[in-house]
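Undergrad: My questions are about this predicted structure, shown below with the sequence.
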Amino acid sequence: MITLKDLKTGKKARVQEIVGGIGLRRRLESLNIRVGKEIRKVSSLPFHGPVIIEVDRCKIAIGQGMAAKVLVEVLDEDTPHGKS
Amino acid sequence: MKILLMGNPNVGKSVVFSRLTGANVVASNYPGTTVGYTRGTLKLKGKKIEVIDVPGTYSLTPFCKAEEVARDMFLKENPDLILNVLDSTNLERNLYLTLQILEKKVPTIIILNMWDLARRKGVHLNVKKLEESLGVPVIPVTAVSGEGIIQVIQSIEKILEKKEEHIPSIEKMDDEEKWKFIGKLLLDIQKIEHRHPTLLERLEDASVHPIFGILIALLVAYLTLQSIIGVGEFLIGNILDPFFYNYYGPLITRIIESTFPSGPIHDILIGTGYNYMESFGLLTTGVYVPLAVVLPYVSLFYLVLGFLEDLGYLPRLAVLTDNIMHKLGLHGASIISLILGLGCNVPGVLATRILEDERERFIALTLLSISVPCMAQTAVIIGLLGPYGIKYIAMVYGTLLTIYITAGYILNKIMKGESPEIFLEIPPYKIPHIGTLLKKTWIRIRGFLLEAIPFVFLGILAINLLYVMGIMKILTGLLAPIFSSILGLPREAAATLIIGFLRKDIATGLLAPLHLSPEQLVVATTVLAIYFPCIATFVVLAKEIGVKGMIKIGILMVTLAFLVGGIQHLILTNT
């Protein structure tokens, strides 16, 4: 498991855990970033810039700090779920 | 009877609202366009029904001012019916709010908006089954083209006749149960075909890419400036100036002079003569400045802004500037209030409602009011300094940008706390619909004309009266020592500060008859931009920030204006 922050741009992953307060979890959940969801990292801006992820055809920018609190499992390109 | 429009941000609530009520509200392609509520009326068989457009929210637990407005409206307005607008391409997330609404047992109609887009994206939905599972009417709609709106109105009619029969039957669930319910429901009613990314979708990713994104942003900035300033200058030089100088001016002068050959009424209406920037008559400068100097730039600004808004570019700019804005105690989303503020500070102030915490809002509002001139002011600055070369315009804006950055940096250091992280949905790009874009631009231009012209007239009238009664002489006399010693400006320039409270454009225009050197103009226009907001901005600012905050910002503005003007004066006269 790695954090969303460390996930490589362009890779798909599945959310495993959100470590953080209830407020953060609620907020991420209301945008459908929750445990079990498949996401793709679209971009990441340098110098502590935001991380952009895609969840169900929807793109969301979140801060690096938040991204560091989302643990994900990288999906292999060859598995049926990870195929792009 | 009262209907509330609710839904996630950027699902098209405002478009549905316009379709239902015929009211004109500004809709754009980014979350947080609507930050306050708008009331309108829908006429049904002679009955008037109130419809309220509220800001979008992802849940009934608010994270910012705009979302708070939405929750409060839902809980306190006692609506008879909720129109829950959903983005058909993204049901899973949208349905979460739907379940929160349905468990409150208020009659609800579900509008599946962006139906056309869903089909294009390969999202297929079984409306019938969705209706059965949720127990409320579900209507596919494409609000932009109006498709499905008639069915919505028919459904509203039916429900309002027998409200009690349409109370939703969905039971209260906790969060986990909600997501489970939605997941199971979607397996049943939604099919998604895989589609290859279109060119527009590739461009979406490129414009938030660390390198291509910045290149695209620079290109957008360049094209924006070119199309506003380049086209604006062309329009003024080739159409408006010739019209005013060759036709309107001589005509109006002849008409007035035939009735009032001289005297105070002649002076108030016509002023001192043919140079419309300088004469300060109601019918000369009062018409010329708003229509021939300001209107072209304001119109072009809103046209370009509207295009970028509808395309969905602004949130991408927010992402790209996020790390810089963090150094100033803000985050990327505050760039939206800055950009709107460059048009008019009033919508800029309101746009800070999408920011999450009070510290960030205070910094954003302070920076906006001390260093962001509106387009009307910019237009007159270009008119005054343009003839001396772009160098002088760059000095004014360079100074203001430096203040924006320095003040933000310092506020971030001295204020307790730190800026929250960005949390922003990035909408897909959409090719702007020309008709909608032109209509929105017109709504904003009309707003400008309705608000600006009365104040411009009032401003000119005030100038004339203050001069005639000798009050201006006393006031400028008081300010004169500061003006000449610190700023190196003649005492008459102090009049701009008095009128600037009414309208910044006309106040800036007051500098024209003084025949200042370009260096003096730089100092005077910069001071005028910083020292205090115009009355319209002042009112909304005081409302948003409270009296105490307003006093803090007020003191900061006045001090900073003279400090910065003084430094400019020292540098410019010694080089």
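TA: Noted; the coordinates are in hand.

Undergrad: Return the nearest residue of the stretch 351-500 of chain B with respect to chain A.
TA: B:E421 (2.4 Å; CB to the nearest CB). For every residue, glycine as well, the C-beta is placed using N, CA and C.

Undergrad: Quick check: that residue vs A:D56, distance?
TA: 22 Å (CB to CB, to the nearest Å).

Undergrad: same check, this time on B:E233
TA: From B:E233 over to A:D56 the distance is 47 Å, taken as CB to CB.

Undergrad: Confirm that the residue of the stretch 351-500 of chain B closest to chain A sits in a strand.
TA: No - counting by DSSP: H, G, I helix; E, B strand; the rest coil, B:E421 is not part of a strand but coil.

Undergrad: check contacts around it.
TA: Residues in contact with B:E421 (CB atoms under 8 Å, 6 or more residues apart in numbering or on different chains) are A:50, A:62-66, B:331.

Undergrad: Next, give phi and psi for it.
TA: Backbone torsions of B:E421, given as degrees, to the nearest 10, read phi -80, psi 160.

Undergrad: again with the one 5 residues further on
TA: Main-chain dihedrals, B:I426, degrees, to the nearest 10: phi -110, psi 110.

Undergrad: Now do the same contact list for it.
TA: B:I426 sits next to A:52, A:59-61, B:204, B:208, B:312, B:315-316, B:319 when contact means CB under 8 Å, 6+ apart.

Undergrad: Considering those, which is situated nearest to B:M1?
TA: Proximity of those to B:M1 (CB to CB) peaks at B:G312, which lies at 35.0 Å.

Undergrad: Low-confidence ranges, the chain, go.
TA: Using chain A. Residue ranges of chain A with pLDDT under 70: A:77-84.

Undergrad: try again with chain B
TA: Low-confidence segments of chain B (pLDDT under 70): B:273-275, B:575.

Undergrad: Alongside chain A, which residues does it contribute?
TA: B:58-59, B:61, B:63, B:89-90, B:92-93, B:96-97, B:121, B:123, B:175, B:179, B:204-205, B:208-210, B:213, B:315, B:318-320, B:322-323, B:326, B:331-332, B:420-428 (CB under 8 Å from any CB of the partner chain).

Undergrad: now the residues you listed: which count as buried?
TA: B:58-59, B:63, B:89-90, B:92-93, B:96-97, B:121, B:123, B:175, B:179, B:204-205, B:208-209, B:213, B:315, B:318-320, B:322-323, B:326, B:331-332, B:420-428 (16 or more other CB atoms under 10 Å in any protein chain shown).

Undergrad: Going toward the C-terminus from the longest helix along chain A, what's the next helix or strand?
TA: For chain A, the longest helix by residue count, based on DSSP state H, is helix A:22-30. Moving toward the C-terminus from helix A:22-30, the next helix or strand (DSSP states H and E) is strand A:38-44.

Undergrad: and the helix or strand following that following strand, what does it pack onto?
TA: Moving toward the C-terminus from strand A:38-44, the next helix or strand (DSSP H and E) is strand A:51-55. Using 3 or more CB pairs under 8 Å, 6 or more residues apart in numbering or on different chains; DSSP states H and E, the elements in contact with strand A:51-55 are strand A:38-44, strand A:58-62, helix A:64-67.

Undergrad: Would you state the helices of the stretch 401-550 of chain B in chain order?
TA: Using DSSP state H, counting those that start in this stretch, the helices assigned to the stretch 401-550 of chain B run over residues B:434-468, B:471-482, B:494-499, B:504-509, B:518-530, B:535-573.

Undergrad: Okay, angle between the first one and helix B:535-573 too, please.
TA: It stands for helix B:434-468. Between helix B:434-468 and helix B:535-573, the angle comes out at 70 degrees (axes from the mean of the first three to the mean of the last three CA atoms, to 10 degrees).

Undergrad: Check the contacts of B:E421 against B:L338 and report the nearest one.
TA: When these are compared against B:L338 (criterion: CB to CB), the nearest one is B:H331, at 12.2 Å.

Undergrad: what's around A:V19, how many residues?
TA: Residue neighbour count, defined by other CB atoms under 10 Å in any protein chain shown, stands at 11 for A:V19.

Undergrad: Now do the contacts for it.
TA: Residues counted as contacts of A:V19 (CB under 8 Å, 6+ apart) are A:69, A:71.

Undergrad: re the thing from before, for the contacts of B:E421, pick the one with the most neighbours.
TA: Highest neighbour count within the contacts of B:E421: A:P50, with 29 neighbours (other CB under 10 Å).
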